[in-house]
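# fold the following and give me the result.
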Amino acid sequence: MSPSTRTSPAGRPDPEQAVRTAVACGAPRHAAYPADVNVRATFDDTLPAAQQPTWPDQEALRAASAELGSLPPLVFAGECDILRERLADAAVGRAFVLQGGDCAEMFASATADNIRDRVKTILQMAAVLTYGASTPVVKLGRIAGQYAKPRSKNDETRGEVTLPAYRGDMVNDFAFTPEARTPDPQRLVRAYHTSAATLNLVRAFTTGGFADLRHVHEWNRGFVANSAYARYESMAAEIDRAMKFMLACGVDFESTPMSAVEFFASHEALLLDYERPLTRIDSRTGNPYAVSGHFVWVGERTRQLDGAHLDFVSRIHNPIGVKLGPNADPDEVLRMIEVLDPQRTPGRLTFITRMGAGLVRDRLPRLVEKVTAEGAQVVWVCDPMHGNTFESSTGYKTREFNTIVDEVEGFFEVHEQLGTVPGGVHVELTGNDVTECLGGSERIIDADLEKRYETACDPRLNHQQSLELAFLVAEMLAKRSAV
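Model (predicted):
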């Protein structure tokens, strides 16, 4: 059943019908959908929902949910539709997706400098990838909503003290005290307001001249000026010549296409107590959209076919994603397609694979072959981070840069062998010079991790490692486009 054909259970109010009635009575369409209209009545609350916190104060949860339901959308349905069109291009090789940002955002880190540096890093990476691919790059931030994280255990023990696990700033605090670790529903509301402030800055940075291609190119020239990145000088020089050629041809860099960019927000749709109140009816179509972000995905730990998370994303009209690990069953994936994209809408469904470098060449082909044979046109995106995490000799959770690159290479190799399209990469990164992942041309080693290990959850590529990865992926894309 497609999202547009779902009806409310018998006896429950149907918000879509209420809106249609208002329009029929003469209300203008834009006025027929007040900000507090949501579609909670269409959700199945009886389905099992994995990875949800235990809220000790149910009255506080109801109050927070009501407040979220009354707040304006963070994004608009029309923007989500534009993203779906861009992803449809990526599915057939006419664009490439760059999805990146923090593993887990923190309220305290939502500063102008941090947001600027994260956006700057993604813009720099996108410029390099655009040149390598000779196609547009869809810029999709893990930003303005990535405040919740699934955990392998409900509790954390330090010494003789056991407390609830940290589930992200949307739920509780990282500090290891009973007060800090108690889930607080008001954090849902704080996540909304912090996301709104973040999106406001992102929109300003990407449309107010900060994203001017000339600025981005100069930043990248500064990167390759470092002798550690000498191998990328040739590509940077090619981009420089292309820029000079455009100037000589009279390209107006002051025009909007050269000084502003599209930038979309995404996060994992993990906490249903946040996502459901922030689901609204689109005034143009009468269809429900998640207005917490342009794109939401369901994680590896919550993608059960009989679970509440897949049910939730099946009912919204945003472009959506699903994470697939090395144990994903091809037949189960086909059933997901029937549930999530029965009409085979271009750009609707993205599969984000997280196989691990040692398994991607073995496990990915069977998934791609099965989905392709079924005629489904999904976007295949590589997450080279989550399958390559380990504990260092110094006790830090980390990842190795070369292993990350190896998984991306394996991803490209599989698609080349099958004649299918590698649609993008999904990277946990920061614009700061942290020391969380090993390797790269900076040669970060175990002993360096303690210097600036700042993540609240999983290790991220720092600014330099992120740009280095972009140059390497650009080389893969250039090789592919030359065939």
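
# hey, let's count contacts and neighbours off CA atoms from now on
Noted.

# all strands for the stretch 251-400 of the chain, in order.
Ranges of strands in the stretch 251-400 of the chain, per DSSP state E, counting those that start in this stretch, are 264-268, 279-281, 288-290, 295-298, 320-324, 349-353, 379-382, 389-391, 397-399.

# JSON lines for those, including distance to V224, mean pLDDT and mean neighbour count?
Output for the strands of the stretch 251-400 of the chain, formatted as JSON lines (distance: least, C-alpha to C-alpha, whole Å; pLDDT from 0 to 100; neighbours: other C-alpha atoms under 10 Å):
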{"stretch": "strand 264-268", "distance to V224": "28", "mean pLDDT": "99", "mean neighbour count": "25"}
{"stretch": "strand 279-281", "distance to V224": "44", "mean pLDDT": "96", "mean neighbour count": "27"}
{"stretch": "strand 288-290", "distance to V224": "40", "mean pLDDT": "97", "mean neighbour count": "28"}
{"stretch": "strand 295-298", "distance to V224": "33", "mean pLDDT": "99", "mean neighbour count": "24"}
{"stretch": "strand 320-324", "distance to V224": "33", "mean pLDDT": "99", "mean neighbour count": "24"}
{"stretch": "strand 349-353", "distance to V224": "30", "mean pLDDT": "99", "mean neighbour count": "25"}
{"stretch": "strand 379-382", "distance to V224": "25", "mean pLDDT": "99", "mean neighbour count": "27"}
{"stretch": "strand 389-391", "distance to V224": "28", "mean pLDDT": "97", "mean neighbour count": "14"}
{"stretch": "strand 397-399", "distance to V224": "24", "mean pLDDT": "97", "mean neighbour count": "22"}
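
# now do the buried residues in stretch 48-58.
Neighbour-count burial for stretch 48-58, with 16 or more other C-alpha atoms under 10 Å as criterion, is recorded at A49, A50, Q51, Q52, P53.

# try stretch 335-345
So, applying 16+ other C-alpha under 10 Å, buried residues of stretch 335-345: M336, I337, E338, V339, L340, D341, R344, T345.

# quick check: end-to-end length of it?
With C-alpha to C-alpha, to the nearest Å as the measure, the ends of stretch 335-345 fall 16 Å from one another.

# so for that stretch, what's the average pLDDT?
Taken as a whole, stretch 335-345 carries a mean pLDDT of 97.

# residues contacting it, please?
By C-alpha atoms under 8 Å, 6 or more residues apart in numbering, the surrounding residues in contact with stretch 335-345 are M1, S2, L305, L310, V313, S314, R348, L349, A376, Q377.

# now find how far off-centre it is within its chain.
20 Å (C-alpha atoms, centre = their mean, to the nearest Å).

# so, low pLDDT: which residues of the protein?
Applying pLDDT under 70 to the chain flags residues 1-42, 255-258, 483.

# one more pass at 50, please.
For the chain, the stretches flagged by pLDDT under 50 are 1-38.

# just send the buried residues of stretch 335-345 back as TSV, with distance to A91 too.
Formatted as TSV, the buried residues of stretch 335-345 follow (distance: C-alpha to C-alpha, whole Å):
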residue	distance to A91
M336	18
I337	15
E338	18
V339	19
L340	16
D341	14
R344	12
T345	11
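
# mind checking which of the buried residues of stretch 48-58 are in strands?
Using DSSP state E, no member of the buried residues of stretch 48-58 falls within strands.

# dump the residues you listed into a markdown table; add distance to V371 as well.
Shown next, in a markdown table, are these (distance: C-alpha to C-alpha, whole Å):
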| residue | distance to V371 |
| --- | --- |
| A49 | 26 |
| A50 | 26 |
| Q51 | 28 |
| Q52 | 30 |
| P53 | 34 |
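
# ok, so of the residues you listed, who is nearest E468?
Nearest to E468 among the buried residues of stretch 48-58 is Q51, at 34.4 Å by C-alpha to C-alpha.

# perfect, that will be all.
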